[in-house]
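K.L.:
Structure, please.
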Amino acid sequence: MLHLPKQLLSLRLPASPVILSLRRALLSTAAATDAPLGAFAAADYLVTTCGLTPEQALKAARYISHCKSTSNADSVLAFLSGPALRLSKADIAHIVSHDARILNCSVDSTLKARIASLRSYGLDDAQVRTFLRVATCTFSIHEKLGFWIPFLGSPEKLLRVLRYNYYLLTSDLDRVVKPNIATLRESGMSPANIARMCVPNSRLLTCNPDTVKSILERADKLGVPRNSPMFRQAVATTTSLGAETMAAKLKLFGETLGCSAAEVASAVRRNPVLLRVSGEKLRRVTEFLTRVVGVDTAYILARPAILMYSLDTRLAPRYSVMKALQEKHLIRKDHSFYSMVTSSDDTFRRRHTYPHKDLLPGLDDAYMAACRGKTAH
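P.N.:
Numbering: from 1, shown residues only. The predicted structure follows:
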């Protein structure tokens with residue numbers, strides 16, 4: 001059967017449309033059967049050698065389907081897994097699935113030079129590996145590190161941002177990023193404050209400049225002065241909340257605490273991050289504070305930060321310690337619950353559990369177990 005197409009092609013057939021169509025089909029078949037047995041099958045290679053799923057391989061194969069052999073791709077994989085980088089198979093599969101063009105790169109003239117460039121920005125070996133994992137298209141955008149690392153302050157901060165906002169490395173610096181920074185500067189923030197705020201809220205730097213202006217306008221409506229340190233928190237809050245969501249949160253806050261819009265506005269001015277608390281958490285914490293601890297709405301509104309703490313791992317365990325100490329007359333009945341809540345864990349234990357280990361030997365163990373969501377035995 002393999003010789004049939006060639007035999008048919010040699011026949012003198014009338015040049016009718018049907019015959020011409022048949023001849024073109026036979027020519028195609030002949031070309032396929034003449035292809036070398038070792039021809040590079042891109043999708044198969046991506047699955048069997050690079051570890052991609054069949055679905056990933058189908059999408060990535062077009063970037064390397066022109067290759068005639070696996071030699072260059074093999075050298076790239078050897079470099080990625082070799083002593084210079086020591087990437088795992090899973091890491092390599094992740095990188096290749098997101099940008100298979102890396103398999104076309106020259107190891108000596110491209111990859112080694114670009115890895116050296118990453119290191120020149122202060123990334124150590126572990127950070128280079130992390131960068132390759134989170135910035136899978138790094139081989140086309142590494143030059144932007146020269147802007148971001150000095151702006152954010154360190155490679156660690158850049159890597160932290162890249163884990164959830166890869167757009168830092170794809171956004172246009174001149175048309176998007178720098179105008180957004182300029183707008184934030186005009187609101188009274190210093191470059192250092194902008195960088196600190198944008199590590200957890202990097203969308204401010206990469207979204208449409210008109211959106212940034214809208215975010216600042218919504219922050220102004222919360223009543224926090226732009227020259228106040230809390231204005232950064234107001235901006236961070238309005239970055240994550242749309243106008244309708246913010247209005248709904250303000251209404252829910254008032255309904256849950258049973259207070260007026262003016263009282264809500266006052267509390268939010270002192271702590272804008274309150275609006276990012278979920279409705280369920282707000283309800284549970286408010287119920288605990290009013291029904292169990294026994295404080296009123298005025299107490300909460302004067303100390304709105306108390307609503308930010310975890311009920312299960314902070315408020316309830318520390319309240320249990322406070323009650324145990326009060327029952328043994330080791331602290332006053334009117335001891336400030338808020339002061340116990342806001343101290344660091346080390347400070348709390350040093351002040352309230354360690355000094356009483358003789359009189360209440362299981363107190364610290366019970367407290368730590370409660371913080372882990374367990375009951376000490």
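
K.L.:
now Pro229, what's its secondary structure?
P.N.:
Here Pro229 is recorded as coil under DSSP: H, G, I helix; E, B strand; the rest coil.

K.L.:
Please report phi then psi for Leu241.
P.N.:
With angles defined as degrees, to the nearest 10, Leu241 shows backbone torsions of phi -120, psi 130.

K.L.:
from what I can see it touches Arg276, true?
P.N.:
Yes: checked against Cβ atoms under 8 Å, the pair Leu241 and Arg276 is within contact range at 7.2 Å. C-beta coordinates here come from the backbone N, C-alpha and C atoms, glycine included.

K.L.:
what about those two, which has more around it?
P.N.:
A side-by-side neighbour count of Leu241 and Arg276, using other Cβ atoms under 10 Å, places Leu241 first with 18 against 13.

K.L.:
ranges for the helices of the stretch 1-150 of the chain?
P.N.:
Defined through DSSP state H, counting those that start in this stretch, the helices belonging to the stretch 1-150 of the chain, from first to last, are 4-9, 17-34, 42-48, 54-60, 71-81, 89-98, 112-120, 125-134, 138-141, 145-152.

K.L.:
any idea which residue sits dead centre in this protein?
P.N.:
The geometric centre of the chain, computed from its C-alpha atoms, lies nearest to Tyr164 (Cα atoms, centre = their mean), at 2.0 Å.

K.L.:
show me the contacts for it.
P.N.:
Ser202 (Cβ atoms under 8 Å, 6 or more residues apart in numbering).

K.L.:
Tell me how far it lies from Ser109.
P.N.:
For Tyr164, the distance to Ser109 equals 33 Å [Cβ to Cβ, to the nearest Å].

K.L.:
which residues are in contact with stretch 268-282?
P.N.:
Taking Cβ under 8 Å, 6+ apart as the criterion, the residues outside stretch 268-282 that touch it are 219, 222-224, 230, 233-234, 236-237, 240-241, 246, 249-250, 252-253, 256, 267, 304-305, 307-308, 311.

K.L.:
now do 6 Å
P.N.:
The contact list for stretch 268-282, computed with Cβ atoms under 6 Å, 6 or more residues apart in numbering, reads 222-224, 233-234, 237, 249, 252, 256, 304-305, 307.

K.L.:
Take these and write them to JSON lines, including distance to Ala366, pLDDT and neighbour count.
P.N.:
Supplementary listing: the contacts of stretch 268-282 in JSON lines, determined by distance: Cβ to Cβ, whole Å; pLDDT from 0 to 100; neighbours: other Cβ atoms under 10 Å:
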{"residue": "Leu222", "distance to Ala366": "41", "pLDDT": "90", "neighbour count": "20"}
{"residue": "Gly223", "distance to Ala366": "43", "pLDDT": "89", "neighbour count": "13"}
{"residue": "Val224", "distance to Ala366": "41", "pLDDT": "87", "neighbour count": "22"}
{"residue": "Gln233", "distance to Ala366": "35", "pLDDT": "88", "neighbour count": "21"}
{"residue": "Ala234", "distance to Ala366": "39", "pLDDT": "90", "neighbour count": "27"}
{"residue": "Thr237", "distance to Ala366": "36", "pLDDT": "90", "neighbour count": "24"}
{"residue": "Lys249", "distance to Ala366": "36", "pLDDT": "91", "neighbour count": "21"}
{"residue": "Leu252", "distance to Ala366": "35", "pLDDT": "93", "neighbour count": "17"}
{"residue": "Thr256", "distance to Ala366": "31", "pLDDT": "93", "neighbour count": "18"}
{"residue": "Pro304", "distance to Ala366": "29", "pLDDT": "92", "neighbour count": "21"}
{"residue": "Ala305", "distance to Ala366": "26", "pLDDT": "93", "neighbour count": "15"}
{"residue": "Leu307", "distance to Ala366": "25", "pLDDT": "95", "neighbour count": "23"}
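
K.L.:
After the helix or strand harbouring Arg160, which helix or strand is next?
P.N.:
When secondary structure is defined using DSSP states H and E, the element that contains Arg160 is helix 155-162. Scanning the chain past helix 155-162 towards its C-terminal end, the next helix or strand to appear is helix 178-186 (assignment: DSSP H and E).

K.L.:
That next one: how far from the chain's middle?
P.N.:
With Cα atoms, centre = their mean, to the nearest Å as the basis, helix 178-186 stands 23 Å off its chain's centre.
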